[in-house]
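Asks: Sharing a model that was predicted from the sequence below.
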Amino acid sequence: MLKYIVFEYSMIKLTKDKIFIFDKKIFIILISLFLLLYIFNTIPLYAIEIFDTYNQIKTTFDGLSRFLDNIYSFISAISNLLGYRAIALFFAIAFTSAGLSAIGFPKGKTSFFISMIIINILWFTWNSSFEIDYLYTISTMLKTNGIILFPYILFLIIKYYKEVIKKFMYTCFYLIFPFLKKEGIRKQTLQESVKLINTTYTELIEYLMKDYFYGDDFIKLSDNSIRAIEQLENILKKIKESGRSK
């Protein structure tokens, strides 16, 4: 029995020694191969290519993931804001309008509102066929159509009352920031500006007439004429900016 145990122990030890020697040989072979490839500049090239490929794939998938997350967040926000009925109604009207335009109906508001009427009739008929509550159907349709038409109604209000809205916004703005309000130009300043305009205008006419009489067929303006023109432009610009009341 003792001999058997000693024999088994010897076999196990021999096996471990062989495995150790085998692993050591593999390690030496790998190190040698690595050094050989490194000498011929092969490992750095392949390592860089593999690393770059991995980074490109990782960057692509990360960007795609962020893009899909943003789309999902955007669609979820619109869905929560408008409701799925309004989104479905909008696309149904858009497809129907495109079909009507394809068969000859005028594009724009005409086809849009005709499509809206058709879709609403189909919607009401569908609910009536399934005996859905009448008041619930009407209220849901009014609410959904109101959401769809709200931007158009808002556009019409702004279009026809833009001056009133503009004046109201200016009033509110200058109530909050009164120090930014321009009161206009003073009478004395305007009077002085008018005198300066007359003087500069007279000088400009004089310089232009000199250029005309002493010039050839193609007249080149003198420095005095150009300076008088610029001075007159600056005076008029200052009067316009300071005299505009908001």
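Replies: On my side now, so go ahead. Numbers count the residues shown, from 1 in each chain.
Asks: Helix or strand with the lowest mean pLDDT in this structure?
Replies: Every helix and strand in the chain was compared by mean pLDDT, DSSP states H and E; the lowest is helix 2-39, with a mean of 48.
Asks: quick one, domains of this protein?
Replies: Following automatic domain parsing, one gets these domains for the chain: 10-68, 83-179, 187-243.
Asks: residue contacts, the residue nearest to residue 203 when sequence neighbours are not counted?
Replies: Distances taken as Cβ to Cβ, 6 or more residues apart in numbering place residue 228 nearest to residue 203, at 5.1 Å, with adjacent residues excluded. Glycine gets a C-beta too; all of them are placed from N, C-alpha and C. Residue 228 is in contact with 200, 203, 204, 207, counting by Cβ atoms under 8 Å, 6 or more residues apart in numbering.
Asks: Buried residues, the host helix or strand of the first one. List them.
Replies: With the criterion set as DSSP states H and E, the secondary-structure element containing residue 200 is helix 187-214. Of the residues in helix 187-214, 193, 200, 203, 204, 207, 208 count as buried by neighbour count, 16 or more other Cβ atoms under 10 Å.
Asks: For residue 213, see how far away the second one is.
Replies: When Cβ to Cβ, to the nearest Å is applied, the distance between residue 200 and residue 213 equals 21 Å.
Asks: what's the answer for the first one, then?
Replies: Counting by Cβ to Cβ, the gap from residue 193 to residue 213 is 30 Å.
Asks: for the protein, what are the low-confidence residue spans?
Replies: For the chain, the stretches with pLDDT under 70 are 1-55, 58, 75, 77-82, 179-183, 243-246.
Asks: ok, now with 50
Replies: Low-confidence segments of the chain (pLDDT under 50): 1-22, 42-43.
Asks: so where do the helices sit in it?
Replies: Under the criterion DSSP state H, the chain contains helices at 2-39, 43-82, 84-102, 109-129, 134-160, 162-176, 187-214, 223-243.
Asks: how much does the fifth one deviate in direction from helix 84-102?
Replies: Counting by axes from the mean of the first three to the mean of the last three Cα atoms, to 10 degrees, helix 134-160 lies at 70 degrees to helix 84-102.
Asks: can you check the shortest one too?
Replies: The directions of helix 162-176 and helix 84-102 differ by 140 degrees, with the same axes, to 10 degrees as the criterion.
Asks: now the last one
Replies: Interaxial angle of helix 223-243 relative to helix 84-102 (the same axes, to 10 degrees): 130 degrees.
Asks: buried sites along helix 223-243?
Replies: Applying 16+ other Cβ under 10 Å to helix 223-243 flags 225, 228, 231, 232, 235, 239, 242 as buried.
Asks: out of those, who's nearest residue 73?
Replies: Nearest to residue 73 out of those is residue 242 (Cβ to Cβ; 49.1 Å).
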